[in-house]
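J.: Need coordinates for the following:
(one chain, ligands or ions: 2)
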Amino acid sequence: MSAMFPTVRMRRLRKLKLIKETQLSTDDLILPLFIDENIEGETKKPISSMPGQYRFSIESAVKEVLEVRSMGLKSVLLFGIPRRKDETGSEAFNTEGVIQRAVRRIKKEVDDDVVIITDLCLCEYTTHGHCGLVDIKNGQVLNDPTLEILGKIAVSQAEAGADIVAPSGMMDGMVKAIRENLDDKGFTDTAIMSYAAKYNSALYGPFREAADSGYQFGDRSGYQMDVSNAREALREVELDIEEGADIVMVKPAIFYLDIISKVRARFDVPLAAYNVSGEYSMISAASEKGYLNREEMMMEGLAAIKRAGADLIITYFAKDVAKEVAEGKFRRSEA
Ligand code: PBG
Ligand code: ZN
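T.: Numbers count the residues shown, from 1 in each chain. Ligands and ions are numbered 1, 2, ... in the order given. So this is what the prediction gives:
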């Protein structure tokens, strides 16, 4: 045989489609839902910056979660939009607040296996839109006074029946404060999924319309991470694990695959990645224009996040993936 020809031919196995190093499963997907206290009855309102996504009333959210379950998805991440906002975000820990009521209703109407994760932050609840209390004099976000409030929110969400609370405000010490408050009140089994490495990203733009959580002044660079940094993400994750996080998250996902992969290599804890609004809206817009194929882009993006090492993926595409599975189109055709 001539030395010109390869003896190893990668295509032999490729053609059999036998080897798949990573699997995307609907069990791993978490669907974010926006619940708006200003919406009455069974209504839901489309979010213009995120085609295919809605703000739900509490009633329509219950229906949505029933549908989500029937499609084989397991878990939802709930964001609340309160009727009343104030400077300290006090609606966030109101026992009769939008999220607390929604969680109780969903827990009652939907089967026991549904996993309810509640976003734990202040930005949807404060008039200024920041993720923590703000010193009005200089516009600074106050870390330590915020921790006390986060503890209260966690307890009220756990009381309502949340399985997992997900602090997303990047306050230093938030996981520890939340764990202590939960344990003090007997909620030792409520888990914490921490937004451990959350970047100060432009990709959250569509979300801020969806959740009505844009800020009135300044920016989030004081608490969210600089996009140039990778080592700092490992430090953030390490601290959150020490403080008692059950799941750590990297956010965004597709622009930050290196971070997911580094965290995976360094730490043996469950790892989530947030496929954020901007990643969703980019694919949606490009496919509306006919530049890219929506389903193929979606599956390729999610496969990349899995390949990088995420266990769980929070994605607005969760229902679309479930549909692909149901229609037997789970694998992209290699034609
Ligand atoms: C706020 C929060 C944001 C997202 C989740 N929680 C936006 C922000 O930090 O400004 C972004 C989610 C997305 O873009 O899909 N705590
Ligand atoms: Zn926030």
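
J.: which parts of the protein sit against ligand 2?
T.: With the criterion set to C-beta under 5 Å from the ion, the chain comes near ligand 2 through 121, 123, 131, 169. In short, each C-beta sits where N, CA and C put it, glycine included.

J.: Out of those residues, which is nearest to ligand 1?
T.: Checking those against ligand 1 with C-beta to the nearest ligand atom, the nearest one is residue 121 at 3.9 Å.

J.: Count the residues that sit near the closest one.
T.: Using other C-beta atoms under 10 Å, residue 121 has 28 other residues around it.

J.: Quick one: residues contacting it.
T.: For residue 121, the contact set (C-beta atoms under 8 Å, 6 or more residues apart in numbering) comprises 92, 131, 167-169.

J.: quick one on the thing from earlier: check the residues of the chain next to ligand 2 one by one and keep those near ligand 1.
T.: Residues of the residues of the chain next to ligand 2 in contact with ligand 1 (C-beta under 6 Å from any ligand atom): 121, 123, 131, 169.

J.: other SSEs contacting the helix or strand of the chain with the lowest mean pLDDT?
T.: Here the helix or strand of the chain ranked lowest by mean pLDDT, DSSP states H and E is helix 205-211, holding a mean of 91. Using 3 or more C-beta pairs under 8 Å, 6 or more residues apart in numbering; DSSP states H and E, the elements in contact with helix 205-211 are strand 75-81, helix 277-288.

J.: Kindly spell out which helices and strands sit in contact with the helix or strand that comes right after the first one.
T.: On the C-terminal side of strand 75-81, the nearest following helix or strand under DSSP states H and E is helix 98-109. In this structure, helix 98-109 makes packing contacts with strand 29-36, helix 58-70, strand 75-81, strand 115-120, helix 143-160, judged by 3+ C-beta pairs under 8 Å, 6+ apart.

J.: shaky segments in the stretch 201-335 of the chain?
T.: 330-335 (pLDDT under 70).

J.: what about the strands in it?
T.: Secondary structure of the stretch 201-335 of the chain (DSSP state E, counting those that start in this stretch): strands located at 247-251, 271-275, 312-315.

J.: Can you name the residues of the stretch 101-250 of the chain that neighbour ligand 1?
T.: Counting by C-beta under 6 Å from any ligand atom, the residues of the stretch 101-250 of the chain that sit close to ligand 1 are 119, 121, 123, 131, 168-169, 204, 207-208, 213, 220.

J.: same thing but 8 Å
T.: Neighbours of ligand 1 within the stretch 101-250 of the chain, by C-beta under 8 Å from any ligand atom: 119, 121, 123-124, 131, 168-169, 195, 198, 201, 203-208, 210-211, 213-215, 220, 224.

J.: Mind checking which of those residues are buried?
T.: The neighbour count (16 or more other C-beta atoms under 10 Å) marks 119, 121, 123-124, 131, 168-169, 195, 198, 201, 203-204, 206-208, 210-211, 213, 215, 220, 224 as buried among those.

J.: As a markdown table, the helices and strands packed on helix 98-109 with mean pLDDT and distance to residue 306 would be great.
T.: Formatted as a markdown table, these follow (pLDDT from 0 to 100; distance: least, C-beta to C-beta, whole Å):
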| stretch | mean pLDDT | distance to residue 306 |
| --- | --- | --- |
| strand 29-36 | 98 | 11 |
| helix 58-70 | 98 | 20 |
| strand 75-81 | 98 | 16 |
| strand 115-120 | 98 | 19 |
| helix 143-160 | 98 | 29 |
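
J.: And the ones you listed: which comes nearest residue 250?
T.: Closest approach to residue 250 among those is made by strand 29-36 (13.8 Å; C-beta to C-beta).

J.: Which stretch among the helices and strands packed on helix 98-109 approaches residue 50 most closely?
T.: strand 29-36 (9.4 Å).

J.: Quick check: buried residues in the helix or strand that comes right after the closest one?
T.: For strand 29-36, the following helix or strand on the C-terminal side (DSSP H and E) is strand 44-46. For strand 44-46, burial by neighbour count (16+ other C-beta under 10 Å) applies to residue 44.

J.: by contact count, what packs against strand 44-46?
T.: Using 3+ C-beta pairs under 8 Å, 6+ apart, the elements in contact with strand 44-46 are strand 54-56.

J.: got a list of contacts for the strand it packs on?
T.: For strand 54-56, the surrounding residues in contact (C-beta under 8 Å, 6+ apart) are 33-36, 39, 44-47, 60, 64, 81, 210.

J.: buried sites along that strand?
T.: Buried residues in strand 54-56, counted by 16+ other C-beta under 10 Å: 54-56.

J.: ok, the residues you listed vs residue 289, which is closest?
T.: Distance to residue 289 across these (C-beta to C-beta) is lowest for residue 54, with 22.4 Å.

J.: Would you mind measuring from the closest one to residue 35?
T.: 10 Å (C-beta to C-beta, to the nearest Å).

J.: Distance from the chain centre to stretch 154-168, please.
T.: When C-alpha coordinates are averaged (C-alpha atoms, centre = their mean, to the nearest Å), stretch 154-168 and its chain have centres 15 Å apart.

J.: Enumerate every residue touching the residue nearest to residue 297 when sequence neighbours are not counted.
T.: Take residue 297 and drop its neighbours on the chain: the residue closest to it by C-beta to C-beta, 6 or more residues apart in numbering is residue 283, 4.6 Å away. Applying C-beta under 8 Å, 6+ apart to residue 283 gives the contacts 292, 294, 297-298, 301.
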